[in-house]
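**Q** Fold the following.
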Amino acid sequence: MTENELGTIIVDAAIAVHRELGPGLLETVYEVALAYELRQRGLIVDRQMPIPIAFKGIHFEEAFRADLFVENKVIVELKSVEKVTAAHKKQIQTYLRLAERKLGYLLNFGEALMKDGITRAVNGLEE
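**A** So this is what the prediction gives:
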């Protein structure tokens, strides 16, 4: 399955979770619920996946933890805040670059409508 196909499933699952639970819960609740929903749709999902990186010859086993790592291809960063900031958007871009992945999503479950809380990030992904 391509990154874009996975992205379609991830967005659809996020909307389903938000529709059922609504906004304003803790981020971890959405993390568990979205991971469950994606697994129900047949995807392999890792939660709080440590991502290693190398910096000037130094290897860091746990440079950061991806909230959700879908099919070892797509990084999903979850938030439950009033508004996403530029720093949040830079965070997902940095994660993609360091993990050498092409597609990521920043999903803010704090928005009244989930469609307003979806930020798609790419790193050399062909459309």
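**Q** Please make it C-alpha for all contacts and neighbour counts, starting now.
**A** Noted.
**Q** Report pLDDT for the closest residue to residue 122 other than its chain neighbours.
**A** Nearest non-adjacent residue to residue 122, counting by Cα to Cα, 6 or more residues apart in numbering: residue 103, 4.7 Å away. The model reports residue 103 with a pLDDT of 97.
**Q** count of neighbours near residue 103?
**A** Residues near residue 103, counting by other Cα atoms under 10 Å, number 24.
**Q** tell me which residues form a beta bridge with residue 69?
**A** Taking DSSP bridges, one obtains residue 46, residue 75 as the residues bridged to residue 69.
**Q** Just to check, it is in contact with residue 49?
**A** Yes - with contacts counted by Cα atoms under 8 Å, residue 69 reaches residue 49, the gap being 6.6 Å.
**Q** Give me the more crowded residue out of those two.
**A** Between residue 69 and residue 49, residue 69 has the larger neighbour count (other Cα under 10 Å), namely 22 against 16.
**Q** wait, what's in contact with the more buried one?
**A** 45, 46, 47, 48, 49, 75, 76 (Cα atoms under 8 Å, 6 or more residues apart in numbering).
**Q** Report whether residue 115 is found in a helix, as I expect.
**A** Yes - Residue 115: assigned to a helix according to DSSP: H, G, I helix; E, B strand; the rest coil.
**Q** if we can go back for a sec, so what pairs up with the residue nearest to residue 122 in the strands?
**A** residue 74, residue 122.
**Q** among the contacts of residue 69, which ones are buried?
**A** By neighbour count, with 16 or more other Cα atoms under 10 Å, the contacts of residue 69 hold 45, 46, 49, 75, 76 as buried.
**Q** For this protein, which residues score under the pLDDT cut-off?
**A** Along the chain, the parts satisfying pLDDT under 70 run over 127.
**Q** ok, now with 50
**A** Scanning the chain for pLDDT under 50 picks out no residues.
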